[in-house]
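> next comes the sequence, and after it the predicted model I'd like to discuss.
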Amino acid sequence: MNEAPTVSKRVLVVDDERQIGDVLSAYLQREGYIPVVAETLSAAMNEIERQLPDLLLLDVTLPDGSGLDLLRSLNEQSIPTIMLTARGDEVDRVVGLEMGADDYITKPFSPREVIARVRAVLRRSEERDRPGGRHRLHVLDLAIDGDAHEVRRDGEKIDLTPSEFRILSALARHPGQVFSRVQLLDAIGDDGSIYERTLDRHINNLRRKIEIDPLHPRYVLTVFGVGYKAAHE
């Protein structure tokens, strides 16, 4: 039996290969989603302006620009995003993850794999946004509001990507406890959207946003040779 969503979710597929768009659209519709296909960057932007999708399936290489430009422009919207990349484009994948993409799939891919990834990313997004599903946490004077999905320092809001927020929240739940990279991935309940080899980049991006001086961090500390911890009062 198909695991169809209880409420239809709108999935925007951005890919200039019409066959890929048609196949993904058919599979998504079969699973109970509402697919919308855009073959260019401008068409995707028009669709997003018309109605925000619940999830974005985004090809990096488009006829009128890079999907990374679209991802960058949507950073504050926090739209769950799965990147579609060519098999050898590791740089694009790393850059996309650093910019807030939730997952990536390399071409060629199985449509069933795409559906499984769509379910997983939407499930994580729903859990993250569910009222009462998280705590209000503090790291020194840094306030982390899980229900509002906000981080503030001295009352000023700091915009984080979903991945950065999950990392910070996981560390803040256990201030002073040292996490190895593997333990931190386990603590955030990661299922493939963050990778051990890119975790340091996520941490660096997080520090650039939350720290007054990223070179001398106060909130997220490195324990050399071991891993990371949140500062403890």
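It's in. Numbering: from 1, shown residues only.
> for this structure, just list every one of the strands.
Using DSSP state E, the strands of the chain run over residues 10-14, 34-38, 55-59, 61-62, 65-66, 81-86, 103-107, 136-139, 142-145, 150-153, 156-158, 220-223, 227-230.
> so which residue is dead centre in the protein?
Asp102 (2.9 Å; C-alpha atoms, centre = their mean).
> if we can go back for a sec, just the strands of the chain: most buried one?
strand 55-59 (a mean of 26; mean count of other C-beta atoms under 10 Å). For glycine as for every other residue, the C-beta is placed from the backbone atoms N, C-alpha and C.
> quick one on the thing from earlier: surely the residue nearest to the centre of the chain is in contact with Val118?
No: counting by C-beta atoms under 8 Å, Asp102 does not reach Val118; the two are 10.3 Å apart.
> shared neighbours of these two, anything?
Ile82 (C-beta atoms under 8 Å, 6 or more residues apart in numbering).
> between the strands of the chain, which one is closest to Ser125.
Nearest of these to Ser125, taken as C-beta to C-beta: strand 55-59 at 7.7 Å.
> pull up the pairing partners for the closest one, direction included.
Using DSSP bridges, strand 55-59 pairs in its sheet with strand 10-14 (parallel), strand 81-86 (parallel).
> enumerate every residue touching Met83.
Met83 neighbours (C-beta under 8 Å, 6+ apart): Leu58, Asp59, Val60, Gly67, Leu71, Asp92, Arg93, Gly96, Ala101, Asp103, Tyr104, Ile105.
> any idea how far Pro53 is from the second one?
Counting by C-beta to C-beta, to the nearest Å, the separation of Asp59 from Pro53 is 15 Å.
> quick one on the thing from earlier: closest one of the contacts of Met83 to Val220?
Comparing the contacts of Met83 against Val220 with C-beta to C-beta places Ala101 closest, at 21.2 Å.
> and that closest one, what's its pLDDT?
pLDDT recorded at Ala101 is 80.
> same thing with the one 3 residues further on?
pLDDT, the model's per-residue confidence, is 83 for Tyr104.
> and the contacts of stretch 38-50?
Outside stretch 38-50, the residues that touch it by C-beta under 8 Å, 6+ apart are 12-16, 18, 21, 36, 53, 58, 62-67, 69-70, 73-74, 79.
> Phe165 is nearest to which of the strands of the chain?
strand 150-153 (7.0 Å).
> how far off centre is the closest one?
18 Å (C-alpha atoms, centre = their mean, to the nearest Å).
> just to revisit the earlier point, okay, the strands paired with strand 55-59 in CSV with mean pLDDT next?
Below are the strands paired with strand 55-59 laid out as CSV (pLDDT from 0 to 100):
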stretch, mean pLDDT
strand 10-14, 95
strand 81-86, 86
